[in-house]
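Colleague: What follows is a predicted structure for the sequence shown.
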Amino acid sequence: MTVLPTPASLSPNALPFRTGVGIMLINRDGLVWVGRRRPKWAGDDQAHIWQMPQGGIEKFEAPRIAALRELREETGVTHVEMLAEHPEWLSYELPHHLLGVALKGRYRGQRQKWFAMRFLGEDSDIDIAAKAETKAEFDMWRWAPMETLPELIVPFKRGIYERVTTDFAYLAHPATEPSAEG
């Protein structure tokens, strides 16, 4: 009989990091897409969590391809322009009470490559409903000012959001339209 470890018996180093991607999707007005979700581990007394799209990298998948796939799966968005790739992998660790619970119980946190993309579509292109191949990650979405993102995320991911918003801050401006005088 195999006995699975309980959160109380796990040390943070007993589990690996999940390798994934995060996407900062910026609209023409310089606002960032965030979706509202309630993870199973949040419980009824927890507020909804607003976050940017993110997800795991599949075996043999390049991070940039994973970012485009995750964005499509979670938001339905396919019309984007790649603006920037964060030069570093950014990591967070789960708090002890979520070890063995969050991230399907298999990881101690995530190591993520972040990308900034300009949304080239229309709001009506965004579709957060479940698809045949994926479950719905979000129950609601909105555009938010970049500087507000760290306060919207759970505390254990706040360091990543602070880093990403600082490093991608130069992108938080309205898109310039091509000149008609051209």
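Modeller: It's in.

Colleague: Y107 - that's part of a strand, no?
Modeller: No: under the criterion used here (DSSP: H, G, I helix; E, B strand; the rest coil), Y107 is coil, not part of a strand.

Colleague: can you count the residues close to it?
Modeller: Y107 has 20 neighbours, counted by other C-beta atoms under 10 Å. In this view, the C-beta of every residue, glycine as well, is placed from N, C-alpha and C.

Colleague: And for R163?
Modeller: For R163, the neighbour count with other C-beta under 10 Å is 15.

Colleague: And the longest strand seen in the chain, how far out from the chain middle?
Modeller: Criterion DSSP state E: the longest strand present in the chain is strand 80-93. Relative to the mean C-alpha coordinate of its chain, strand 80-93 is positioned 10 Å out (C-alpha atoms, centre = their mean, to the nearest Å).

Colleague: Repeat that for stretch 85-102.
Modeller: From the chain centre to the centre of stretch 85-102 is a distance of 12 Å (C-alpha atoms, centre = their mean).

Colleague: Could I have the CA atoms of it written out in CSV?
Modeller: Coordinates of each C-alpha in stretch 85-102 appear next as CSV, following Å, rounded to 0.1, in the frame of the first residue of the first chain:
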residue,chain,number,x,y,z
GLU,A,85,10.3,38.0,-23.1
HIS,A,86,11.5,38.4,-19.5
PRO,A,87,15.2,37.6,-19.5
GLU,A,88,15.0,35.5,-16.4
TRP,A,89,13.0,32.5,-15.1
LEU,A,90,11.0,33.8,-12.1
SER,A,91,9.9,31.4,-9.3
TYR,A,92,7.6,31.3,-6.4
GLU,A,93,7.1,28.7,-3.6
LEU,A,94,3.8,27.6,-2.2
PRO,A,95,3.1,28.4,1.4
HIS,A,96,3.5,25.3,3.6
HIS,A,97,-0.2,24.7,4.1
LEU,A,98,-0.6,24.3,0.3
LEU,A,99,2.2,21.8,-0.3
GLY,A,100,0.6,18.6,-1.5
VAL,A,101,-2.7,20.4,-2.2
ALA,A,102,-2.2,23.2,-4.8
